[in-house]
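# how would this look folded up:
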Amino acid sequence: MIDWESNFITSTLINGNGIIKVILFLIIWGVVWLPIAFPLTRLINWHPATPISNSQKLTLIVSLYLIAPLLAWGVMSIDLHKISLTFSLSNFNCILWGYVIGIVTIIFTNLMTFAFGWAVWKKPSQFLMSVVKTLPLLLLVSLLIASVEELIFRGVFKDFLSQDYNIWLTAIISSAIFAVLHLIWERKNTIPQLPGLFLMGMVLFYCVYLLNGNLSMAIGIHGGWVVTLATLDTLDLYEYNTDANPWLWGCKERPLGSVAGMFILLLTLSIVQYFLA
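Purely as a prediction, here's the structure:
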């Protein structure tokens, strides 16, 4: 483990205000990742000034996120037991139930759009084979993304901020950071989703709060959302009618930038409140 205490500046930052700790963590994370990112951008043939495809974005995200657990433990001295990011049967069960909640809330909302005639189901040829080929990888990716984002935003940042702020101010700050940092990957479709991303962060923070800091349920719900949206998008299973209002029912590029997206979050909050509170 790296001893940052020997350096006066970094020691002051680590022992300073929670927001300063968050900024320091993000700077170190970015600096460590850049030597990996530059060769990768050439490998995937992407330039920062050009639009980024889903596969290019996924490659960069995976490379960035694989660093985070080592950074949290090795550089910032975060005890993973402290934020309940350890393997146990109870945590595994929580993750599974979280996936169920995440998947069901999105499917239920999409069924409503079909019922109102705003979306049309497009069953592809060889549907079952397409799901079998696609789902395992998407499940793995969703678990990675959800685990790392919960570790960072509802684990590490919560730990940093709660030392200086009350629990709800901590939730607001960490959720705002969570929303704003999504602008790094894409701006056009992210800006309309900022309120939804903020509310998403608050809902997931509330899950962690109800379980006394345990991240497992939040990881499951987050992963369930990711894998469901990714499956629907990758297999191109539906399309919106041309007269559908995107601000009401959403669109594939910005699922949280709509009333339907907010409904998914509020439905999840209601389920979590009912079973966990």
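# alpha carbons only for contacts and neighbour counts from here, please
Noted.
# who touches A68 in this structure?
29, 148, 152 (C-alpha atoms under 8 Å, 6 or more residues apart in numbering).
# now the second one: how far from F114?
Distance, V148 to F114, by C-alpha to C-alpha, to the nearest Å: 33 Å.
# the two - which one has more neighbours?
Neighbour totals were compared for V148 and F114, and V148 leads with 21 against 16 (other C-alpha atoms under 10 Å).
# you'd agree the more buried one is in a helix?
Yes. Assessed by DSSP: H, G, I helix; E, B strand; the rest coil, V148 belongs to a helix.
# hang on, it packs against Y65?
Yes. Using C-alpha atoms under 8 Å, V148 is in contact with Y65, at 6.2 Å.
# I'd like to know how many residues surround I184.
A count of neighbours around I184, defined by other C-alpha under 10 Å, yields 8.
# okay, it: pLDDT?
Confidence at I184, expressed as pLDDT, is 87.
# same check on M1?
48.
# for burial, what's the neighbour tally of A72?
Here the neighbour count serves as a burial measure; for A72 (other C-alpha under 10 Å) it reads 19.
# ok, it touching V156?
Yes. Assessed by C-alpha under 8 Å, A72 is found in contact with V156 at 7.2 Å.
# now the strands for the stretch 51-200 of the chain?
119-121 (DSSP state E, counting those that start in this stretch).
# residue ranges with poor pLDDT in it?
The stretch 51-200 of the chain contains residues with pLDDT under 70 at 74-87, 123-128.
# the helices in it, which residues?
54-65, 68-70, 89-115, 127-149, 157-162, 167-181, 194-210 (DSSP state H, counting those that start in this stretch).
# looking at those helices, which is nearest to F263?
When the helices of the stretch 51-200 of the chain are compared by C-alpha to C-alpha, helix 89-115 sits nearest F263, at 7.6 Å.
# burial check on the residue lying closest to V259 once chain neighbours are set aside, number of neighbours?
Nearest non-adjacent residue to V259, counting by C-alpha to C-alpha, 6 or more residues apart in numbering: L248, 4.9 Å away. Neighbour count of L248, defined by other C-alpha under 10 Å: 14.
# how about L256?
28.
# I44 versus that one, what's the distance?
Distance of L256 to I44, given as C-alpha to C-alpha: 28 Å.
# how about K188?
Distance of K188 to I44, computed by C-alpha to C-alpha: 22 Å.
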